[in-house]
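*Asks:* Following is a predicted model, sequence given first.
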Amino acid sequence: MSRLGPLFDTLRAENRRAVIPYLVAGDPDEALTVPLMHSLVEAGADIIEVGVPFSDPMSEGPTIQKGHERALEGGTSLLSTLALVKQFRETNIETPLVLMGYANPLERKGYAAVADACAEAGIDGLITVDLPPEEVAAMNAELQRQNIDNIFLISPTTSDDRVATITAQASGFIYYVALKGVTGAGHLDTDAVEAHLATIRQHTSLPVAVGFGIKDADTAATVAGCADAVVVGSALVDLVANDLSSGGSHTSAISGAHSLISSIRNGVNLATSN
Amino acid sequence: MTIDINPDLYAQVPDEHGRFGIYGGKFVAETLMSALAELESLYNDLKDDPVFLREFDLDLAHYVGRPSPLYEAERWSDMIGGGRIYLKREDLNHTGAHKVNNTIGQALLAKYMGKKRVIAETGAGQHGVASATVAARLGLECHVFMGEEDVRRQALNVYRMKLLGAEVIPVTSGSKTLKDAMNEALRDWVTNVDNTFYIIGTVAGPHPYPMLVRDFQSVIGREARAQSLAMTGKLPDALVACVGGGSNAIGLFHPFLSDNEVAMYGVEAGGKGVETGEHAAPLSAGIPGVLHGNRTYLMQDENGQIMHTHSVSAGLDYPGVGPEHAWLKDIGRVNYVDATDTEALAAFHRVTRVEGIMPALETAHALAYAEKLAAEMTPDQHIIVNLSGRGDKDILTVAEIDGIDLGTR
């Protein structure tokens, strides 16, 4: 059973917003991933989005592309990502985990087998960038069989009619892509985000997470003013990569990630405290 | 081989979802879905519109120089001593390859949509040049994404694009070839979707691209069919074309698909030999999956990661293939075979010396297979080979392989 619905019910009751950090599984090696995930939870993450490395990550900007490349060099795959998730679940059974990735690794293993493996590992939701509503039905049927949420993306170019169609099939939460572009792009227009979220909320009572373009406590706080959750991806991937490439250890990278997510947590809390 | 397939089948694909059987579709990020819907709706309105078709035909006649000739390669056929080989001379088109048929069509669509900026991916550079050419003619801003490795091996085409006013962006991610150029073009499109038209160069990508590129390229097969009847009094016994993404092949094959008596051969890049794993032959050795917006045969590992490909020709160096080819393979209408780097280079030299026609290295793969096929046929039979492009762009590559220093590096 997905942990996402109950989590958002609790957060809503407490008027809190979720912080969702994103990392690429196995970036730059698998030994870092699980300790990093635990540290993110300790720093205030409510949900973790786990990127599944793919050779052709078409929606990622340079920062996350490099994360995928590093993880692939270390041999991380969909199955080893799920093994890391299982390891995380040995000591954390509460925090919802969402896999984010691309269709081909799922196609290769078969949708039914993927849904079974995700359920067994303790995954709560799946975001597949290149499975839009027109193509996701078969995967979604398998996920529903295992009570895993398929997280639908809505973007600034999604028409009103499409928003209605998408929200009708959605569960867990809606992921609103805040800008036209790839991950890590820098032109977030928070007024436009607010307007689009208002439109989405006319069609659904599901929580709405906002991602793409959130870099720090300030942007996170602004977005948390209208969203139920904020996703922080490139800023975190970048920070960890920079720390390690300038000679840092796993410990220092984890501590840097902890500070970033703590500060975002505080920013988000401040935005909703008044 | 006898083909027994309902001739009405081919008009039914793609279906309304952009599917060719289980292949094709629209596997892209949500941000692009509205742009694809807009393109699909515009194209459905225009594809049978006499004004649009007339504009397209006039451009093909007066700017591209169509119809391209069908030429009997007499000396080469005599040397082989079997079936007669006819070459469909797409190398004589403006810009030197079949690619321009499609860029003329897509540039018209961009014009109808009011887009002022076009982007393209390119491997060998032929599609990049053809895109830069139509952009120059229509006064559009043009950005061409090209893998860094291809920028190196196709330096002449890079300079041609720059002369035409296009910006060439070297792509340094992944394998630095065509697939990575396509990733980068998709990333650009998602960012600039409001003002940008993406001119995809082959019959791949999300629906409606495989359909509209096929339709624009089908002029090749329509002409060849009429020319064959006029010159020989009958349809060809076989068609041969090289297949990377597969646009020149589908262009030649499509108007003949319902003619069950015409055998068809799509020739993939066998690289160092399909058995070595170093090739670009997904139809011969790949498995179905999803990449670049469509489901098709892909070269991928057991984890679904796309594999690096190898071919002497940049234009065939792609791990996927158009979804209609995947379907035509499965239903058994087209035979997909391969030619190795070595075979292609030998055919390049042979046709250059015997016919005075220097083919592109991509095309040389089709010629290499045609030679084998013709040898098994009789002189009353004939083959049409799509001579998809001219080989000037490959001179440096061929010289390098032959160990000749032209003093250019």
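*Replies:* That came in fine, so what should we check first? If you're wondering where the values come from, they're calculated on a predicted model, not measured in any experiment.

*Asks:* Mind exporting the C-alpha coordinates of the lengthiest strand in chain B to PDB?
*Replies:* Across chain B, the strand with the greatest residue count (assigned by DSSP state E) is strand B:263-271. Coordinates of each C-alpha in strand B:263-271 appear next as PDB, following Å, rounded to 0.1, in the frame of the first residue of the first chain:
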ATOM      1  CA  ALA B 263      10.900  -8.100 -52.700                       C
ATOM      2  CA  MET B 264      12.500  -5.500 -50.400                       C
ATOM      3  CA  TYR B 265      15.800  -5.400 -48.600                       C
ATOM      4  CA  GLY B 266      16.700  -2.900 -45.900                       C
ATOM      5  CA  VAL B 267      20.500  -2.900 -45.300                       C
ATOM      6  CA  GLU B 268      21.700  -2.100 -41.800                       C
ATOM      7  CA  ALA B 269      25.200  -1.200 -40.800                       C
ATOM      8  CA  GLY B 270      27.000  -4.400 -39.900                       C
ATOM      9  CA  GLY B 271      30.000  -2.500 -38.600                       C
END
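
*Asks:* by contact count, what packs against it?
*Replies:* strand B:238-242, helix B:247-253, helix B:282-285, helix B:323-330, strand B:335-340, helix B:341-355, helix B:361-375 (3 or more Cβ pairs under 8 Å, 6 or more residues apart in numbering or on different chains; DSSP states H and E). (Each C-beta comes from the backbone N, C-alpha and C, glycine too.)

*Asks:* let's see 10 Å
*Replies:* strand B:238-242, helix B:247-253, helix B:282-285, helix B:323-330, strand B:335-340, helix B:341-355, helix B:361-375, strand B:382-387 (3 or more Cβ pairs under 10 Å, 6 or more residues apart in numbering or on different chains; DSSP states H and E).

*Asks:* and that strand, which residues are buried?
*Replies:* For strand B:263-271, burial by neighbour count (16 or more other Cβ atoms under 10 Å in any protein chain shown) applies to B:263, B:264, B:265, B:266, B:267, B:268, B:269, B:270, B:271.

*Asks:* Next SSE downstream of the helix or strand encompassing residue A:10?
*Replies:* Under the criterion of DSSP states H and E, residue A:10 resides in helix A:4-13. Scanning forward in sequence from helix A:4-13 by DSSP H and E, the next helix or strand is strand A:18-24.

*Asks:* Would you mind confirming that residue B:270 is in contact with residue B:336?
*Replies:* No - using Cβ atoms under 10 Å, residue B:270 makes no contact with residue B:336, being 11.2 Å away.

*Asks:* which residues are common contacts for those two?
*Replies:* By Cβ atoms under 10 Å, 6 or more residues apart in numbering or on different chains, residue B:270 and residue B:336 have these common neighbours: B:281, B:284.

*Asks:* quick one: the residue nearest to residue A:94 when sequence neighbours are not counted from chain B, how far?
*Replies:* In this structure, residue A:94 finds its nearest non-sequential neighbour in residue A:3, 7.0 Å apart by Cβ to Cβ, 6 or more residues apart in numbering or on different chains. Separation of residue A:3 from chain B (Cβ to the nearest Cβ, to the nearest Å): 25 Å.

*Asks:* which residues does residue B:188 contact?
*Replies:* Residues near residue B:188 by Cβ under 10 Å, 6+ apart: A:181, A:182, B:117, B:119, B:121, B:143, B:145, B:169, B:196, B:198.

*Asks:* Phi and psi next, for the first one.
*Replies:* The one in question is residue A:181. Phi and psi for residue A:181, reported as degrees, to the nearest 10, are phi 160, psi -170.

*Asks:* For the closest residue in space to it that isn't next to it in sequence, give me phi and psi.
*Replies:* The shortest distance from residue A:181 to any non-neighbouring residue, by Cβ to Cβ, 6+ apart, is to residue B:191 (4.1 Å). For residue B:191, the backbone dihedrals (degrees, to the nearest 10) come out as phi -80, psi -40.

*Asks:* okay, now residue B:191: neighbour count?
*Replies:* By other Cβ atoms under 10 Å in any protein chain shown, the residues close to residue B:191 number 17.

*Asks:* shouldn't it be in contact with residue A:61?
*Replies:* Yes - with contact defined as Cβ under 10 Å, residue B:191 reaches residue A:61; the gap is 9.3 Å.

*Asks:* Quick check: neighbours shared by the two?
*Replies:* In terms of Cβ under 10 Å, 6+ apart, residue B:191 and residue A:61 are both contacted by the residues A:181, A:182, A:185.

*Asks:* Contact partners for the second one?
*Replies:* What it means is residue A:182. Taking Cβ under 10 Å, 6+ apart, we find residue A:182 in contact with A:57-65, A:212, A:234, B:29, B:31, B:184, B:186-188, B:190-191.

*Asks:* Give the helix, strand or coil label for it.
*Replies:* Per DSSP: H, G, I helix; E, B strand; the rest coil, the local secondary structure of residue A:182 is coil.

*Asks:* so what's the residue nearest to it when sequence neighbours are not counted up against?
*Replies:* Spatial nearest neighbour of residue A:182, excluding adjacent residues (Cβ to Cβ, 6+ apart): residue A:61 at 4.1 Å. Each residue near residue A:61 by Cβ under 10 Å, 6+ apart is listed here: A:181, A:182, A:183, A:184, A:185, A:186, A:212, A:233, A:234, A:237, B:187, B:191.

*Asks:* Redo these as CSV? Include distance to residue A:250 and pLDDT.
*Replies:* Formatted as CSV, the contacts of residue A:61 follow (distance: Cβ to Cβ, whole Å; pLDDT from 0 to 100):
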residue, distance to residue A:250, pLDDT
A:181, 31, 89
A:182, 28, 90
A:183, 24, 88
A:184, 23, 86
A:185, 29, 82
A:186, 29, 76
A:212, 28, 90
A:233, 20, 96
A:234, 20, 96
A:237, 15, 98
B:187, 31, 95
B:191, 34, 93
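
*Asks:* Give the ChimeraX command for selecting the buried subset of the residues you listed.
*Replies:* Buried members of these, identified by 16+ other Cβ under 10 Å, are gathered into one ChimeraX selection as follows:
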select /A:181,182,183,184,185,212,233,234,237 /B:187,191
